[in-house]
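> Provided below for reference: sequence and predicted model.
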Amino acid sequence: MELEKPPPRREPEGCLVVAVRLPVRIVVLVLVVPVRMVWDALVVAGRVLRDAVLRPLGRALLWLARALLVWPFVALWRHVLVPLGKGLAWLLNALLVLPAVWLYRRVLTPVGHALSWAARGLGAGIAWVASGIGWALAWLYARVLTPVGHGVLWVLRGIGLVLAALGAGAYAVLAWLVRYLVVVPVVWLVRYLVVVPAAWLYTWVLVPAGRAVAWCARGVVWALGMLVTGAGTGLYWITRVLLVLPALAVWRWVLVPVGRLLAVVAREAGAALGHAWRIAGRISLAVGRFLAYLLRWTLVEPVRWVYRSVLTPVGHVLRDAVLRPAAEAARGAGRAVRQVLAAARETARQTRADLRRALFGDPRPREAVARREPAGHETRTLDRRTTALTKD
């Protein structure tokens, strides 16, 4: 198994392709290099603008939108609407829910139980009366109506059998009369007056006439078909000689070569454009690196050297010699001021207490509150069963 992929197979190219490729690539490269450099410059400017301007501006606008739109509504919701809603909920609960629950439990439930007990008693009475009426109706049906119905049914069955026998005899007689007096003569007349003449007319008149008409029609159709076939063949050859063969010759000897030439030019132009775009990218990258290198050694490195070699030592000296002593002195002064203020507050507090004691006297001692907890020797131990709550 080969690990390396075989090189792509290239089809043989003619001299026309080679002659078109080099000038096209030179022209496209000359035209594409400025466009690619401008494009790369715009991309770099867009990235710098996005990172340095648009993204901080977007974050500032987002913070401003939160400060102006979100946070006021959140504060309104948390500190105004939620307490107001809780107050309204408590008020509705106290004014509506609790009275409704009390009314349901203390009034409606006992009334409903009483009505249910009365309805059950009334239903039991109605059921007892209905059961008595049903028992009486069942006895009347079983002892009176059933025997009477059986007798009536027996009488009607006998009458029906008699009527059925009479009807069957009358139907048989009537059917024999209709068959031999009406049906047989009518069938004989229809057969010899309609069917036999119609069959003779179909066999000896209509069939020969139809065959003659069909033969004539086939002859006419054959003549018309031959005429249409001859006309179609003539039109086909005229159309082919005058239109199809010239169009085919133009397509085969003019349009196909021109199309192939244009396809070659278009393919080579596209390949040249891609090749020139890649080469222009390399050139643009090299120019950009050269400019970045030039900017670094003409501006960034001197500024960096000045910052490291000059400003940083000066800043350290200022921090160690000026800023830190000043900060320590400020912190010491602050501590002294805080101690002085604390002593002044304590003195003022003692002075107010002395004046209050001189004007109103000493405050009364607080009375001891009787607690439920027992004393030390009265507390519960392992051998006692009383507690502070059950001692009395």
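Arrived safely.

> the one helix or strand K86 maps to: how far from the chain's middle?
Element membership for K86, per DSSP states H and E: helix 82-92. Offset of helix 82-92 from its chain centre (CA atoms, centre = their mean, to the nearest Å): 37 Å.

> same deal with stretch 317-326?
Between the centre of stretch 317-326 and the centre of its chain there are 65 Å (CA atoms, centre = their mean).

> kindly export stretch 329-346 (C-alpha atoms) in CSV.
The C-alpha trace of stretch 329-346 is given here as CSV (Å, rounded to 0.1, in the frame of the first residue of the first chain):
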residue,chain,number,x,y,z
ALA,A,329,2.5,60.1,56.2
ALA,A,330,-1.1,60.4,54.9
ARG,A,331,-2.1,57.0,56.5
GLY,A,332,-0.5,58.0,59.8
ALA,A,333,-2.3,61.4,59.8
GLY,A,334,-5.5,59.5,59.0
ARG,A,335,-5.0,57.1,61.9
ALA,A,336,-4.3,60.0,64.3
VAL,A,337,-7.3,61.9,63.1
ARG,A,338,-9.5,58.8,63.6
GLN,A,339,-8.1,58.3,67.1
VAL,A,340,-8.8,61.9,68.0
LEU,A,341,-12.3,61.7,66.7
ALA,A,342,-13.0,58.5,68.6
ALA,A,343,-11.7,60.1,71.8
ALA,A,344,-13.9,63.1,71.2
ARG,A,345,-16.9,60.9,70.6
GLU,A,346,-16.3,58.9,73.8
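
> could you number the chain from 839 rather than 1 from now on?
Noted, 839 is the first residue going forward, which turns the last one into stretch 1167-1184.

> show me what it is in contact with.
Here stretch 1167-1184 makes contact (CB atoms under 8 Å, 6 or more residues apart in numbering) with no residue beyond itself. For the C-beta atoms, the positions are set from N, CA and C on the backbone; glycine is no exception.

> quick one: secondary structure of D1200?
Put simply, D1200 is coil when judged by DSSP: H, G, I helix; E, B strand; the rest coil.

> for it, give me the pLDDT.
D1200 is assigned 70 on the pLDDT scale.

> that one: neighbour count?
Neighbours of D1200 under the rule other CB atoms under 10 Å: 7.

> please apply the same query to S1122.
The local packing of S1122 (other CB under 10 Å) involves 21 other residues.

> isn't it up against M875?
Yes - using CB atoms under 8 Å, S1122 is in contact with M875, at 4.7 Å.

> before we move on, the earlier item: so which bits of the helix holding K924 are buried?
Buried residues in helix 920-930, counted by 16 or more other CB atoms under 10 Å: none are found.

> packing partners of it?
Applying 3 or more CB pairs under 8 Å, 6 or more residues apart in numbering; DSSP states H and E, we find helix 920-930 packed against no helix or strand.

> now do it, average pLDDT.
On average, the pLDDT along helix 920-930 is 89.

> now G1057: how far from M1064?
Taking CB to CB, to the nearest Å as the measure, G1057 and M1064 are separated by 11 Å.

> what's the following helix or strand after the helix or strand containing I864?
Using DSSP H and E, the element containing I864 is helix 853-887. Following helix 853-887 in sequence order, the next helix or strand is helix 893-903 (DSSP H and E).

> pull the CA atoms of the following helix or strand past that next one into PDB?
Downstream of helix 893-903, the next assigned helix or strand under DSSP H and E is helix 909-914. The C-alpha trace of helix 909-914 is given here as PDB (Å, rounded to 0.1, in the frame of the first residue of the first chain):
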ATOM      1  CA  TRP A 909     -31.600  48.200  35.800                       C
ATOM      2  CA  PRO A 910     -34.500  50.800  36.400                       C
ATOM      3  CA  PHE A 911     -37.100  48.200  35.400                       C
ATOM      4  CA  VAL A 912     -35.300  45.500  37.600                       C
ATOM      5  CA  ALA A 913     -35.300  48.000  40.500                       C
ATOM      6  CA  LEU A 914     -39.000  48.900  39.800                       C
END
